[in-house]
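In: The following comprises the amino acid sequence and a computationally predicted model.
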Amino acid sequence: LVSKLHPHIVHGVRKENQAFEYNKDAGMFVCPAGQLAVRKARQGKKQGQNQTDTYYFDIDKCQICPLKIGCYRDGAKSKTYSVTIKSETHKHQMKFMDSERFKLISRKRYMIEAKNSELKNRHGMKRSKYAGLLNMEMQTAATIFVVNIKRIIKLTDEK
């Protein structure tokens, strides 16, 4: 697929003020006040969507924390921090996005999309006029034929 992934998938949605740090020794995240997460749980299905690692923090410590403003809401039953694990499909697409082949092909994509938009919006390809796959193929072929003839006429008039 020659299409860029959504920036939220590639870069995430974290703000700079959410400075949770990962402690490799404990395998847990540490909040800005220095409190280590109590437990970790993996959520989401293995297939179909990205899984998340959710880290849970001790609420008793969060309630008396001097940095709780903007971090902990009074009356909350839990304080969590989630990190999305990219699926294999997204990892593969991100690797493909960095390749020269992707960059070369994506430069030509706008021309193809412009033609598809013309077929769809100006020539009635938004909706099939007839039922059945064969009839749809005939409508598509006829529409593409008309668009090509228009292009040929325009090019001959320019000469």
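Out: On my side now, so go ahead.
In: Quick one: list the elements packing against the longest helix seen in the chain.
Out: Identified as the longest helix of the chain according to DSSP state H is helix 133-158. Packing contacts for helix 133-158, counted by 3 or more C-beta pairs under 8 Å, 6 or more residues apart in numbering; DSSP states H and E, involve helix 100-122. Glycine gets a C-beta too; all of them are placed from N, C-alpha and C.
In: mind checking the SS state of the residue nearest to Asp53 when sequence neighbours are not counted?
Out: Computed as C-beta to C-beta, 6 or more residues apart in numbering, the closest residue to Asp53 that is not its neighbour in sequence is Val83, at 4.9 Å. At Val83 the chain is in strand, as set by DSSP: H, G, I helix; E, B strand; the rest coil.
In: so Val83 touches Thr52, yeah?
Out: Yes. Using C-beta atoms under 8 Å, Val83 makes contact with Thr52 at a distance of 6.5 Å.
In: what's the neighbour count on Ser106?
Out: Other residues near Ser106 come to 13 when the count uses other C-beta atoms under 10 Å.
In: Check which strands are paired with the helix or strand encompassing Tyr55 and give the direction for each one.
Out: Element membership for Tyr55, per DSSP states H and E: strand 51-57. Strand 51-57 sits in its sheet next to strand 39-43 (antiparallel), strand 79-85 (antiparallel), going by DSSP bridges.
In: In the sheet, which residues pair with Phe29? Tell me.
Out: Going by DSSP bridges, Phe29 forms beta bridges with Tyr22.
In: Checking Leu5 next. Helix, strand or coil?
Out: Following three-state DSSP, the label given to Leu5 is coil.
In: any idea how far the nearest residue to it once chain neighbours are set aside lies from Val2?
Out: Excluding the flanking residues, the one nearest Leu5 by C-beta to C-beta, 6+ apart is Gln93, at 5.6 Å. Going from Gln93 to Val2 by C-beta to C-beta, to the nearest Å gives 10 Å.
In: what about those two, which has more around it?
Out: Between Gln93 and Val2, counting by other C-beta under 10 Å, Gln93 is the more crowded of the two (18 against 15).
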